[in-house]
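K.L.:
sequence plus the predicted model coming up.
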Amino acid sequence: MGGHIPWRKVDLWLQGFRTIWVSTTRPDGRPHAVPVWYWWNGRDVYFTTPPGSQKARNLAFQPWVIVHAGDGDDTIILEGRAAVVTDQAERERVNGAYMEKYVDPHSGVKATFLNTDDLLYHVRVRHVMAWEYGVVATRTDWHFDEE
């Protein structure tokens, strides 16, 4: 790890943001980036997408993703491999956390993906880099092994 940004700060940011940007690669090599709702478990990212979406087609071809949170001043960039979650217990656990995070403040309706055909992806984060105040010199990196 370089820099001086504490992991706890990065963790809190990732818990609190509503959306992140997921960047994938099309089979012809062109990039594709879209904002998504997500759940951060303190180590990895989960998000959903319909099976016919550009994102799902890209991930079937190339599972490596870049996830971006924050803005150009306070930045978090995560790199990892995305895989479809098929284990029902894991899907239910993630959906429960997702429902707690995404509650319509007007109606109280909670978001869910369990009664859709959406694919749930688990991004096993391998590398995180962050910087603050728009100063890349504050860049702090974390590297994780695949388990």
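P.N.:
All right, it came through fine. Residues are numbered from 1 along each chain as shown.
K.L.:
quick check: buried residues in the longest strand seen in the chain?
P.N.:
In the chain, with assignment by DSSP state E, the single longest strand is strand 119-132. Residues 119, 120, 121, 122, 123, 125, 128, 129, 130, 131, 132 are the ones in strand 119-132 that count as buried (16 or more other Cβ atoms under 10 Å). Using the backbone N, CA and C atoms, a C-beta is placed for each residue, glycine as well.
K.L.:
look up how far residue 22 lies from the fifth one.
P.N.:
According to Cβ to Cβ, to the nearest Å, residue 123 stands 8 Å off from residue 22.
K.L.:
all helices of this protein, in order?
P.N.:
For the chain, applying DSSP state H gives helices covering 7-16, 54-61, 88-101.
K.L.:
nearest to residue 136, out of these?
P.N.:
Closest to residue 136 of the helices of the chain is helix 7-16 (Cβ to Cβ; 15.6 Å).
K.L.:
quick one, that closest one and strand 119-132 angle?
P.N.:
Interaxial angle of helix 7-16 relative to strand 119-132 (axes from the mean of the first three to the mean of the last three Cα atoms, to 10 degrees): 140 degrees.
K.L.:
can you pull the buried residues of helix 7-16?
P.N.:
Buried residues in helix 7-16, counted by 16+ other Cβ under 10 Å: 10, 13, 14.
K.L.:
could you list the low-pLDDT ranges of this protein?
P.N.:
Within the chain, the stretches with pLDDT under 70 are 1-2, 146-147.
K.L.:
residues contacting residue 131?
P.N.:
3, 5, 74, 75, 137, 138, 139, 140 (Cβ atoms under 8 Å, 6 or more residues apart in numbering).
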